[in-house]
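Novice: A structural model of the following input is requested.
(one chain, ligands or ions: 1)
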Amino acid sequence: MDETIVVTDHLTKKYGTHVAVDGVSLTVRRGEVYGFLGPNGAGKTTTLRMLLGLIRPTSGSAAVLGHAPGRPGATARTGALIEGPGFYPYLSGRDNLRVMARYNGATEEAVDAALERVDLKTRGNDPFRSYSQGMKQRLGVGAALLGDPELLVLDEPTNGLDPAGVVEMRRLILDLSARGQTVLLSSHLLSEVQAICDRVGVISDGSLITESTVAEIRGTSSLFVRAEPVDVALAVAMRVAGDDAAQLIDGGGLRLDVDATAAPDIVRALVEADADVHEIRTLERSLEDVFFEITTTKEL
Ligand SMILES: Nc1ncnc2c1ncn2[C@@H]1O[C@H](COP(=O)(O)OP(=O)(O)OP(=O)(O)O)[C@@H](O)[C@H]1O
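Specialist: Numbering: from 1, shown residues only. Have a look, this model is predicted:
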């Protein structure tokens, strides 16, 4: 179940004196969607390029599907979309994939299957230049799928897409995952990783600062309550949740650091105290908060 597909050990890349990737040790397990998360320039693309054997590490090592990056045992079973695929604008999406299929020995059936899986079958014969940004990006994923790879490496797959394109790309990635493909994607969007990834590696200034499940780094949830009168609501909340677990936050709402299962007890107590309950919902720490917290703690 927990088979490791990608493992790196103190992977490092220096450009002159600049350390682009600094001793990154991460693991990607079979079947998961792994999010490699970090701001621009953090070292995500450089790491992915090392995993694909496109550049050599300065030190440290990596294994992809049990092989050194770039070795046939790794490349033949890995598909990648990195820094925008180079497609011929005047050829159709299908012909572009055919060109690539010829290059890596894939069949016409594989081209059909790839178009189908990225939902471009009906537009497959239209010229690439007529595609929307989202379709171009999906064709890029289609190209990565040609050899039916076990591992897909996608560098910022939703970059440059409009909201509808983002939704389609996320759906596609989840669909690929549901069919058993392991996906390693990079993103600078915390909400994105939160929406589609099982585990996440957070990278900042070349260093991996944490690696865990999205749920783990998000932490426990708390409750947001809006009720009036506010002073009554606060008193009730402090009684039910404990003095330190209830606080007034901006906009007159209350934040209660309790498990979400406490919601019925809170509502009941508020109603009994004659307070009007306007809103109650779980308040989860966003990945943005967590990222900020981790990076600032590290930098201090
Ligand atoms: N070929 C290169 N020569 C010199 N410096 C490089 C080279 N490639 C990357 N870098 C530097 O290494 C650092 C990491 O770059 P990288 O592209 O890996 O970051 P990233 O996390 O993918 O960010 P982005 O999302 O902006 O691409 C940056 O400071 C970048 O300028």
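Novice: Those residues of the stretch 101-250 of the chain touching the ligand, which are they?
Specialist: Listed as neighbours of the ligand in the stretch 101-250 of the chain under the rule Cβ under 6 Å from any ligand atom: His188. C-betas here are computed from N, CA, C, even on glycine.
Novice: can you map out the helices along the stretch 201-300 of the chain?
Specialist: Along the stretch 201-300 of the chain, the segments classed as helices by DSSP state H, counting those that start in this stretch run 214-218, 230-241, 263-272, 287-299.
Novice: For Gly16, grab phi and psi.
Specialist: phi 60, psi -120 (degrees, to the nearest 10).
Novice: now swap in Asp259 and tell me
Specialist: phi -70, psi 150.
Novice: Share the number of residues neighbouring it, please.
Specialist: Counted by other Cβ atoms under 10 Å, the residues lying close to Asp259 total 13.
Novice: re earlier: of the helices of the stretch 201-300 of the chain, give the one that comes closest to Gly142.
Specialist: Counting by Cβ to Cβ, Gly142 lies closest to helix 214-218 out of the helices of the stretch 201-300 of the chain; the figure is 27.0 Å.
Novice: tell me the contacts of Ala101?
Specialist: Neighbouring residues of Ala101 by Cβ atoms under 8 Å, 6 or more residues apart in numbering: 107-108, 110-111, 146.
Novice: From these, which land in helices?
Specialist: 108, 110-111 (DSSP state H).
Novice: neighbours around the one residue in the stretch 151-300 of the chain that gets nearest to the ligand, how many?
Specialist: Closest to the ligand within the stretch 151-300 of the chain is His188: 5.6 Å, counting by Cβ to the nearest ligand atom. Residues within reach of His188, counting by other Cβ under 10 Å, total 15.
Novice: Renumber starting at 550 from here on
Specialist: Got it, the first residue is 550 from now on, which makes the last one we talked about His737.
Novice: OK, contacts around it?
Specialist: His737 sits in contact with 586-589, 591, 593, 705, where contact means Cβ under 8 Å, 6+ apart.
Novice: for the residue nearest to the spatial centre of the chain, helix, strand, or coil?
Specialist: For the chain, the residue nearest the mean C-alpha position is Val742 (2.9 Å; Cα atoms, centre = their mean). When classified by DSSP: H, G, I helix; E, B strand; the rest coil, Val742 comes out as helix.
Novice: Residues in a beta bridge with the residue lying closest to it once chain neighbours are set aside, which ones?
Specialist: Distances taken as Cβ to Cβ, 6 or more residues apart in numbering place Gly584 nearest to Val742, at 3.6 Å, with adjacent residues excluded. Beta bridges link Gly584 to Leu734, Val749 when assigned by DSSP bridges.
Novice: low pLDDT regions in the stretch 600-749 of the chain?
Specialist: Applying pLDDT under 70 to the stretch 600-749 of the chain picks out residues 633-634.
Novice: the strands in it, which residues?
Specialist: In the stretch 600-749 of the chain, the strands defined using DSSP state E, counting those that start in this stretch lie at 608-613, 627-630, 700-704, 731-736, 748-753.
Novice: Would you agree Asp571 falls within a helix?
Specialist: No - counting by three-state DSSP, Asp571 falls outside a helix, being strand.
Novice: hang on, the earlier thing: most neighbours of all the ones in helices among the contacts of Ala650, which one?
Specialist: Going by other Cβ under 10 Å, Val660 tops those with 24 neighbours.
Novice: residue contacts, Thr624?
Specialist: So Thr624 contacts 601-602 (Cβ under 8 Å, 6+ apart).
Novice: How much space separates the residue nearest to Glu705 when sequence neighbours are not counted from Arg678?
Specialist: Counting by Cβ to Cβ, 6+ apart, the nearest residue to Glu705 once its immediate chain neighbours are dropped is Ser735, at 5.6 Å. For Ser735, the distance to Arg678 (Cβ to Cβ, to the nearest Å) stands at 27 Å.
Novice: ditto for Asp661
Specialist: Here Asp661 is placed at a distance of 22 Å from Arg678 (Cβ to Cβ).
Novice: Quick check: the nearest residue to Thr759 once chain neighbours are set aside vs Ser736, distance?
Specialist: Closest residue in space to Thr759, ignoring its immediate chain neighbours: Val751 at 4.9 Å, by Cβ to Cβ, 6+ apart. For Val751, the distance to Ser736 equals 11 Å [Cβ to Cβ].
Novice: likewise Ala623?
Specialist: 23 Å.
Novice: So between those two, which is more surrounded?
Specialist: Counting neighbours by other Cβ under 10 Å for Ala623 and for Ser736 shows that Ser736 has the greater number, 24 against 21.
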